[in-house]
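> Need a 3D model of the sequence below.
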Amino acid sequence: GKRGRYGEMLMRGSELAVELFNKENGTDYITEFNDDKGDATEAVNVANKIVSDSSVIAGLGSYASSCAMAAAPIFESNKLLLVSPAASHTDFPGMGEFMFSCVMSQKYEGSEFAKELYKITGGKKLAIIYQNTDQGVLATDLFANEWENLGGEVVAKEAFITGSTKDFTPILSNVKNKGAEIIYASAAYNEASQIFIQAKSLDISAQLVGPGMCLKKELLDIVGDKADGALILSSIPYFSDNVEDTEGLDDKTRTFITAFKEKYGEVPDGFAAQAFDTTNILLDCIKKVGTDSEALRQEIASIREFNGVSGYNMAFNESKEMIKGIYVYELKDGDFVRVDQ
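So this is what the prediction gives:
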């Protein structure tokens, strides 16, 4: 399912994976794309179309968790794989034996972020400013619980209404008064950027932190160097426009970036990388066990190590959930710079 720009990147990542795999293995697999328009009803229609086509080996999708979850029962009852490059809802992998997500679920991401941040900062007084959505509340609770389990203190939890809050100064002043030494903005890049800029203009000296949703060029375009020193935690790496910035990247990642730029004339993003890995997980397993759904399902479920481009230490756990390492980036001179961990 494509959702504008993100969908475009998912399609390209998948398309490139198939192209490179075919070239290397002399195969002729093809990917067919269907747009579910980010709508659950449309996702059901697309799912019914896909399962009725006997030439289909597996479904890839969707961008939205709600769409993947709407399609899941149809794939499950037809014993056809549905492997999502982007659905991070905690419940998706448990909706059937044939469901896999190749991103880390919110459940693990929240606690892994907290662990990594605690390790870097030594654990201090933390305030969380979060978007008041189901996902925002879940992510915040998981983060806060883990922070406290580790021995840290959560001095404030402040919700904001996403889309309508522009002035974060009342929230930030409150958080400052409560003695927060770290401010975690659990928000997308557009609102996190405002939180960062406004915190700096209030002379708040707390360590500013954002989640992977902030690891986007769009954030840099907004903040420039006004948020230097802020940290971003992500389970997916950032691919810089800066060609020299490939030191520390493995050969596989370098090859992926080069091939992507050659084919599409731009640098891939995290979504392209996720779709590239998701498609390769499927193709590698097909190469090993053939196209039988049951054999494929078992093969994918047994992956305990996958060398991908959208994360490190990638593996499925016993519940078919993707677990991987956390990257830390610091904003420096208006760019994301990887922090040695």
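> Kindly check the end-to-end length of stretch 298-313 for me.
End-to-end span of stretch 298-313 (Cα to Cα, to the nearest Å): 20 Å.
> same question, stretch 79-96
Stretch 79-96 has an end-to-end distance of 9 Å (Cα to Cα).
> Now do the buried residues in that stretch.
Across stretch 79-96, burial judged by 16 or more other Cβ atoms under 10 Å covers 80-90, 92-93, 95-96. C-beta: built from backbone N, CA, C; applies to glycine.
> Helices along the stretch 201-341 of the chain, start to end?
217-223, 251-264, 270-289, 293-301 (DSSP state H, counting those that start in this stretch).
> For the longest one, enumerate the helices and strands it packs against.
When you say that, I think you mean helix 270-289. helix 4-25, strand 58-60, strand 81-84, helix 251-264, helix 293-301 (3 or more Cβ pairs under 8 Å, 6 or more residues apart in numbering; DSSP states H and E).
> just so I know, which of those lies nearest residue 337?
Nearest to residue 337 among the helices and strands packed on helix 270-289 is helix 251-264; the distance by Cβ to Cβ comes to 16.8 Å.
> taking the mean pLDDT, what do you get for stretch 224-241?
Averaging pLDDT along stretch 224-241 gives 93.
> Next: stretch 170-185.
On average, stretch 170-185 scores 97.
> partners of the host helix or strand of residue 129, with directions?
Per DSSP states H and E: residue 129 is located in strand 125-131. Note on strand 125-131: by DSSP bridges, its sheet partners are strand 153-160 (parallel), strand 182-186 (parallel).
> Return the distance of the shortest one from the chain's centre.
It stands for strand 182-186. Distance of strand 182-186 from the chain centroid (Cα atoms, centre = their mean, to the nearest Å) equals 18 Å.
> got the contact list for that strand?
117, 121, 124-131, 136, 139-140, 143, 172, 175, 191-192, 195-196, 199, 204, 206-211, 214 (Cβ atoms under 8 Å, 6 or more residues apart in numbering).
> What's the ChimeraX line that selects buried ones from these?
Typed into ChimeraX, the line below selects the buried ones among the contacts of strand 182-186, using 16+ other Cβ under 10 Å:
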select :117,124,125,126,127,128,129,130,131,136,139,140,143,172,175,191,192,195,196,199,204,206,207,208,209,210,211,214
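> hang on, the earlier thing: of the helices of the stretch 201-341 of the chain, flag the one that's most buried.
Highest mean neighbour count among the helices of the stretch 201-341 of the chain (mean count of other Cβ atoms under 10 Å): helix 270-289, with a mean of 23.
> Spit out the contact partners of residue 125.
Contacts of residue 125 (Cβ under 8 Å, 6+ apart): 152, 153, 155, 178, 179, 180, 181, 182.
> Looking at those, which one is closest to residue 64?
residue 182 (30.9 Å).
> The closest one: neighbour count?
When counting by other Cβ atoms under 10 Å, one arrives at 23 neighbours for residue 182.
> And it, how close does it get to residue 117?
7 Å (Cβ to Cβ, to the nearest Å).
> which neighbours do those two share?
Joint contacts of residue 182 and residue 117 (Cβ under 8 Å, 6+ apart) are residue 209.
> Low-confidence regions, this protein specifically.
Applying pLDDT under 70 to the chain flags residues 1-3, 242-248.
> ok, now how distant is residue 222 from residue 112?
Distance from residue 222 to residue 112, by Cβ to Cβ: 26 Å.
> Residue 229 too?
From residue 229 over to residue 112 the distance is 22 Å, taken as Cβ to Cβ.
> for residue 104, phi and psi?
Backbone dihedrals for residue 104, given as degrees, to the nearest 10, come out at phi -80, psi 130.
> Skipping adjacent residues, who's closest to it in space?
In this structure, residue 104 finds its nearest non-sequential neighbour in residue 235, 4.6 Å apart by Cβ to Cβ, 6 or more residues apart in numbering.
> Enumerate every residue touching the one you found.
Residue 235 makes contacts with 103, 104, 109, 112, 212, 311, 324, 325, 326, 327, as judged by Cβ under 8 Å, 6+ apart.
> What about those, which one has the most neighbours?
residue 103 (28 neighbours).
> Show me how far stretch 165-180 is from its chain's centre.
28 Å.
> same deal with stretch 334-341?
The gap between where stretch 334-341 is centred and where its chain is centred comes out at 18 Å by Cα atoms, centre = their mean.
> Which positions within that stretch qualify as buried?
Buried residues in stretch 334-341, counted by 16+ other Cβ under 10 Å: 335, 336, 338.
> closest one to residue 52 among the helices and strands packed on helix 270-289?
Smallest distance to residue 52 across the helices and strands packed on helix 270-289 (Cβ to Cβ): 12.0 Å, for strand 58-60.
> Partner strands of the closest one, with direction?
Counting by DSSP bridges, strand 58-60 is paired with strand 81-84 (parallel).
> Just after the partner strand, pick out the following helix or strand.
That would be, after strand 81-84 and using DSSP H and E, strand 99-101.
> which residues make contact with the helix or strand just after that following strand from outside it?
Using DSSP H and E, the helix or strand that follows strand 99-101 in sequence is helix 106-121. Here helix 106-121 makes contact (Cβ under 8 Å, 6+ apart) with 88-90, 104, 135, 138-147, 150-152, 181-182, 184, 207, 209, 211-212, 231, 233, 235, 321, 323, 326, 328, 339, 341.
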